[in-house]
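> sequence and computational prediction follow.
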Amino acid sequence: MAQRLDGKKLAAEFENHLLREIEIGLSKGIRPPGLAVIRIGDDPASEVYVSNKEKACARVGIASYGLHLSAKSSESDVIAKIYELNSKELVDGILLQLPLPRGLKESSLLSAIDPNKDADGLHSQNLGRLLKGEPGPRSCTPAGVMALLANNQVDLEGKRAVVVGRSILVGQPMALMLQAANATVTIAHSRTKDLESLTRLADVLVVAAGCPRMIGANHVKPGAVVVDVGIHRISSSSLGMENQSRSHLCGDVCAEEVAPLASFITPVPGGVGPMTVTMLLVNTVSMWQQHCGLSCTLEDLLP
Ligand code: NAD
């Protein structure tokens, strides 16, 4: 039976580490780190995600500045707000909550964020830094996956890794990070033929396709490390559960089929999700250390 890659536990350990780093800065008379979170429109899932991020900031001592804009905001309205935050000294990190309402272009808004305040690591300059192996804020979800693997002594050197999904948010930076850790990486996507025979070759399988329970026992090599990035709320009836009025969280992996085969598996919830939030805090505190002229002590937490 697979060992759990416990993201909740590791996230709590990282938070303690961040708390101490912030205390050291404050003891030197430095201001606290600041994260501005921009939410546009009223997507209920985004509201929950933003609230979780703000609570996490409060736990470690990061000041969070919430900005809630109307779904009718124009691109230039939002860019003007981003420029204001770029120039605010108290703000070390800026996060634009995705997805955006229809009509707003993700790429132009993300490009407006100062790359040195890019808390989500999604600015083209930071994706370029990742590609070239230069330091910089890293995309939070794949960085969280790398931290989970490293802290559970999963050796990636020479291993065959398959990433299912090629989004800029998860799949692409994930593949780059695994490659930088000397894995041999293949990316699968919605047009990949015969997914099963590809994923069955993987020593490390990272699934970020956004399709509930699409990866079953047939997709997994015995002993593989399986990382489930997907997160979905589905009705209990579609899982064949007794209390059909309730809903449940599940991932892209059919955990009950895959766990008996795999060596490690991330649970959903409690695996990749908490690590994503924690890496947002790590990026923010790391940028704060740079902005305030403190020595950067968090490099070991970032891939
Ligand atoms: P996305 O929709 O932008 O990208 C999905 C990718 O999967 C695409 O590249 C697509 O080609 C590929 N794909 C879709 N169906 C496929 C199939 N049948 N076979 C192979 N490839 C397929 O999604 P995303 O933003 O990358 O997110 C993926 C999932 O991860 C979603 O469920 C999302 O909610 C979740 N997510 C979780 C966290 C977290 O913190 N846990 C963070 C980000 C995203």
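Looks like it came in fine. Keep in mind the model is a prediction, meaning the values are calculated, not measured.
> how about the contacts made by residue 207?
Applying C-beta atoms under 8 Å, 6 or more residues apart in numbering to residue 207 gives the contacts 164, 165, 214, 215, 226, 227, 228, 229, 230, 251, 252, 253. Every residue, glycine included, has its C-beta placed from N, CA and C.
> what about the ligand: which of those touch it?
Near the ligand, taking C-beta under 6 Å from any ligand atom as the test, the members of the contacts of residue 207 found are 164, 165, 214, 229, 230.
> can I get the buried part of the residues you listed as one PyMOL selection?
Here is the PyMOL selection string for the buried members of those, based on 16 or more other C-beta atoms under 10 Å:
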select buried, resi 164+165+214+229+230
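> of the ones next to the ligand among the contacts of residue 207, which is the nearest to residue 76?
The shortest distance between residue 76 and any of these, using C-beta to C-beta, involves residue 165 and amounts to 32.2 Å.
> contact partners for the closest one?
Residues in contact with residue 165, defined by C-beta under 8 Å, 6+ apart, are 171, 174, 187, 188, 189, 207, 208, 209, 210, 229.
> mind running it again at 10 Å?
171-172, 174-175, 187-190, 206-211, 229-230, 252 (C-beta atoms under 10 Å, 6 or more residues apart in numbering).
> again with residue 215
Contacts of residue 215 were listed using C-beta under 10 Å, 6+ apart, and they are 164, 195-196, 199, 205, 207, 209, 226, 228, 230, 251-255, 257-258.
> report the buried members of these.
By neighbour count, with 16+ other C-beta under 10 Å, the contacts of residue 215 hold 164, 195, 199, 205, 207, 209, 226, 228, 230, 251-255, 257-258 as buried.
> what ranges in this protein fall below the confidence cut-off?
239-245 (pLDDT under 70).
> output the contacts of residue 207 in TSV, with secondary structure and distance to residue 151 appended to each entry.
Compiled in TSV, the contacts of residue 207 are given as follows (DSSP: H, G, I helix; E, B strand; the rest coil; distance: C-beta to C-beta, whole Å):
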residue	secondary structure	distance to residue 151
164	strand	23
165	coil	23
214	coil	27
215	strand	23
226	strand	17
227	strand	13
228	strand	17
229	coil	17
230	coil	21
251	coil	20
252	coil	22
253	strand	20
